[in-house]
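Novice: Predicted model and sequence follow; I will ask about them next.
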Amino acid sequence: MKKLAIIATKGSLDWAYPPFILASTAAALGYEVQIFFTFYGLQLLRKKLTLEVTPLGNPGMPMPMNMDRWFPTFMLAAPGMQSIMTSMMKKKMKDKGVASLEELRELCLEADVKFVACQMTVDLFDMNPKDFIDNVEYAGAAAFFEFAGDSDICLYV
């Protein structure tokens, strides 16, 4: 059986989709899949997802109404802009029929994708495992390398 190892390090709305889409697709194709959530990627394991998207630092983000051509970049840091951009992104995803993060996460779990939370990062940020969804394992990087070392594909997202 082929294996896919994914390291999820980002905790924003736009960066939450790739690990779940890739994992669920690989599982559907018969891969054994494991996602190692570390640093800000641990936000993706919270029971209640309150993720936002920010256009700052992401010059490749397509902007509505060609804003990237006429809207000053420094204005993207204005108060409330992150909430506006998050609302716009969520609406666009809904309009296009993109599954919610919660749905994708559940699809992964149903397909036996293994979720591993980095114990060191949980401890570092004083996170409470009670805030995370069920079916999460806790381990260090060494345990992840046991799986990743034998994987056919290893992705860092």
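Specialist: Happy to help now that I have it.

Novice: all contacts plus neighbour counts: C-alpha atoms, from now on.
Specialist: OK.

Novice: What ranges does the protein have for its strands?
Specialist: 3-8, 32-37, 114-118, 136-139, 153-156 (DSSP state E).

Novice: Packed most tightly, which of those would that be?
Specialist: strand 32-37 (a mean of 25; mean count of other C-alpha atoms under 10 Å).

Novice: Packing partners of that one?
Specialist: With contacts taken as 3 or more C-alpha pairs under 8 Å, 6 or more residues apart in numbering; DSSP states H and E, strand 32-37 sits against strand 3-8, helix 13-28, strand 114-118.

Novice: Make TSV from the strands of the chain and add mean pLDDT and distance to residue 101 to it.
Specialist: Compiled in TSV, the strands of the chain are given as follows (pLDDT from 0 to 100; distance: least, C-alpha to C-alpha, whole Å):
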stretch	mean pLDDT	distance to residue 101
strand 3-8	98	14
strand 32-37	98	15
strand 114-118	98	15
strand 136-139	98	16
strand 153-156	96	19
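
Novice: Ok, which of these comes nearest residue 23?
Specialist: strand 32-37 (6.3 Å; C-alpha to C-alpha).

Novice: Okay, now the unreliable bits of the protein?
Specialist: 54-82, 84, 86 (pLDDT under 70).

Novice: how many other residues sit next to residue 88?
Specialist: By the criterion of other C-alpha atoms under 10 Å, residue 88 has 15 neighbours.

Novice: no no, residue 110
Specialist: Residues near residue 110, counting by other C-alpha under 10 Å, number 11.

Novice: so how far is residue 126 from it?
Specialist: 29 Å (C-alpha to C-alpha, to the nearest Å).
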